[in-house]
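**Q** How does the following fold in three dimensions:
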Amino acid sequence: MARPAATSTTANGWPGRFLWPDTAFTRLLGLRLPIVQGPFGGGLSSAGLAAVVSAGGGLGSFGAHHLAPEAIGPRAADLCARTARPFALNLWISNRDSVRTACKWVQRFWPATSRAPRRVKLFSPDARYTALVRLLSGRRARGLRNRLLETLEPAAADALPYSAQSRLTGRIRAAALAQNRPDLLTIWGGQAAPLLRHHRAADLLAWLAADTEAQLARLGALSGRGWA
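**A** Just a heads-up that it's a prediction; the model follows:
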């Protein structure tokens, strides 16, 4: 099959239709890089992290769906004070939220972070063991296996819809953070978590940009060898 014709090429030799980093998305938002930081739900977002990503040229994001309406404005003002670059606030509106089984969940499991415990776990051998579950937030997501996940697993069928379930388990997370208990924390992590190498967001963002440039340059060179 013939390679699609291109009207222009980038500096790395790849067809103009695959422009990097100059895309419609970056032009629309005034970004240097087409990289979006995923917003963390359940109170795990950090204004500092979002600001670092935005300052690095990407779109920093803050998961604000757990905040009361009156708390969103001050959070946005805090982010504006940290960075002059664009950022995103992730909101959630649902008409399905229910509390009919909330009391049962709280009674089933209630433990009497500094996000450091999560970071330590993600860079530890434990990151190799994950599970795809709905019981921590109400949506299917992959997290590291620990005591929290294994204790709640038998009650998975009783999980509330998102984001009611996330707000409910958020009470457990808050207590676990206060007590520095990573075994009771929600620690999201994909199957590639063991491949983590960068401990700082700015370093990871710079590596993503540089590695993408390198890969596109390699593909551009290959395309110039008459690939069809």
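
**Q** dump the residue contacts of the residue nearest the centre of the chain.
**A** Within the chain, one residue has its C-alpha closest to the average C-alpha position: by CA atoms, centre = their mean, that is residue 38, at 3.2 Å. Listed by CB atoms under 8 Å, 6 or more residues apart in numbering, the contact set of residue 38 reads residue 61. Glycine gets a C-beta too; all of them are placed from N, C-alpha and C.

**Q** any idea how far residue 207 is from residue 86?
**A** Per CB to CB, to the nearest Å, residue 86 is found 22 Å from residue 207.

**Q** same deal with residue 130?
**A** Distance of residue 130 to residue 207, given as CB to CB: 23 Å.

**Q** for the chain, what spans make up the helices?
**A** If you assign secondary structure with DSSP state H, the helices in the chain sit at 24-29, 47-55, 69-82, 102-108, 116-122, 147-152, 164-178, 201-223.

**Q** Mind giving me the packing neighbours of the fifth one?
**A** The criterion is 3 or more CB pairs under 8 Å, 6 or more residues apart in numbering; DSSP states H and E, and there are no helices or strands that helix 116-122 contacts.

**Q** buried set for that helix?
**A** Neighbour counts over helix 116-122 (16 or more other CB atoms under 10 Å) mark 117, 118, 121, 122 as buried.

**Q** Next, format the residues you listed as a markdown table and append pLDDT and distance to residue 60.
**A** Shown next, in a markdown table, are the buried residues of helix 116-122 (pLDDT from 0 to 100; distance: CB to CB, whole Å):
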| residue | pLDDT | distance to residue 60 |
| --- | --- | --- |
| 117 | 78 | 23 |
| 118 | 79 | 18 |
| 121 | 88 | 23 |
| 122 | 88 | 19 |
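
**Q** Low-confidence stretches in the protein?
**A** Judged by pLDDT under 70, the chain has its weakly predicted residues at 1-18, 42, 93-115, 224-228.

**Q** Now with 80, please.
**A** Along the chain, the model assigns pLDDT under 80 to residues 1-19, 41-44, 66, 92-118, 163, 220-228.

**Q** sorry, back to before: so if I had to pick from residue 130 and residue 207, which one is more boxed in?
**A** When neighbours are counted by other CB atoms under 10 Å, residue 130 and residue 207 differ, and residue 130 comes out ahead with 20 against 12.

**Q** With adjacent residues omitted, what lies nearest to that one?
**A** Spatially, and ignoring its direct neighbours in sequence, residue 130 is nearest to residue 142 (5.1 Å; CB to CB, 6 or more residues apart in numbering).

**Q** can you count the residues close to the residue nearest to residue 176 when sequence neighbours are not counted?
**A** Distance criterion CB to CB, 6+ apart; nearest residue to residue 176, sequence neighbours excluded, is residue 184 at 3.8 Å. Around residue 184 there are 20 other residues, counting by other CB under 10 Å.

**Q** pretty sure residue 184 is touching residue 174, no?
**A** No: using CB atoms under 8 Å, residue 184 makes no contact with residue 174, being 10.5 Å away.

**Q** Quick check, the residue nearest to residue 130 in contact with residue 192.
**A** No: using CB under 8 Å, residue 142 and residue 192 do not qualify as a contacting pair, with a distance of 10.0 Å.

**Q** And these two? Which one has more around it.
**A** More neighbours sit around residue 142 than around the other of residue 142 and residue 192, counting by other CB under 10 Å; the figures are 13 against 9.
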